[in-house]
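[1] please work out how this folds:
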Amino acid sequence: MFTYSLQGLELSAAEAGPIEVEENETTARSAVYQFFGGWFATAPADLFDQAAEGKWVAGLTEAASLLPFGFAIGPVEVPAGADAASFAADHERVLGGGALLGGGGRADREAEIAAVRREYEYFGLAASDAAPRPADHLATELDFLQYLCFREAATPSPRLATSFRRAQRDFLDAHVLDWVPGLVASAGRGAGPLVGWTLDQLAAFVSADRAYVAERLGG
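    Okay, here's the model as predicted:
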């Protein structure tokens, strides 16, 4: 059985529904979004420990095991002499300073935040006021995609499943794929192997998932 795990969003009581469903190709997509959302929401020291213990590849491989499309997971190589402090420095240098904010650097960032909040609210979610990450943080946006995939898997209605699928495509286009490829390209050039691995895997997954969703929708 599979269940979603929201970290940067809160679910309204009115939207309470199934909390777990049988694992399938759609829950696998949800699980991969869950993996990446968790990665970008986790403290660097904890991330480094997980990498050193082989948990990155193991976790992503398990999440992706039922994906309905090809997704090659490369090995994680922890450099000799690397430690939590050096990884944290690389993480901050590459991903700090607003790099993980969809509206970061935009003159209209408040409009972007308002737009993603409307998307969350339409599906019964809200960015938690207590959360350390804003509504346009990459971890929060991946959280939302995780939830949309789960709702698609949980509904018995083909019509509603299509609606959730269409929402995934539209959110990817408007609020993820409009800035994440640029983040990956610019940050990846100067990233160490650990941060670089995650950025490369994320870019490959969101591109493949967008293509899959578009195919299911007929374009």
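[2] going forward, measure contacts between C-alpha atoms and count neighbours the same way
    Noted.
[3] quick one: the helices in this structure, in order.
    Assigned by DSSP state H, the chain shows helices spanning 25-41, 44-52, 55-63, 84-95, 109-122, 138-154, 158-171, 180-190, 193-217.
[4] the fifth one packs against which elements?
    If I follow you right, that is helix 109-122. In terms of contacts (3 or more C-alpha pairs under 8 Å, 6 or more residues apart in numbering; DSSP states H and E), helix 109-122 is packed against strand 125-127.
[5] quick one: residues contacting the residue minimising distance to the centre of the chain.
    Centroid-nearest residue in the chain: L142, 2.9 Å away (criterion: C-alpha atoms, centre = their mean). Contact analysis of L142 by C-alpha atoms under 8 Å, 6 or more residues apart in numbering lists 33-34, 36-37.
[6] go again using 10 Å as the cut-off
    Contact partners of L142, counting by C-alpha atoms under 10 Å, 6 or more residues apart in numbering, are 6, 8, 30, 32-38, 40, 136, 148, 172, 176, 206.
[7] L160 touches C149, doesn't it?
    No - using C-alpha atoms under 10 Å, L160 is not in contact with C149; the gap is 11.7 Å.
[8] those two: who's more crowded?
    Between L160 and C149, counted using other C-alpha atoms under 10 Å, C149 has the larger neighbour count: 24 against 14.
[9] relative to A51, how far out is that one?
    The gap separating C149 from A51 is 27 Å, by C-alpha to C-alpha, to the nearest Å.
[10] cool, and A131?
    Distance from A131 to A51, by C-alpha to C-alpha: 25 Å.
[11] go on, R133?
    23 Å.
[12] who has more neighbours, these two?
    Comparing R133 with A51 by other C-alpha under 10 Å, the one with more neighbours is R133, at 19 against 16.
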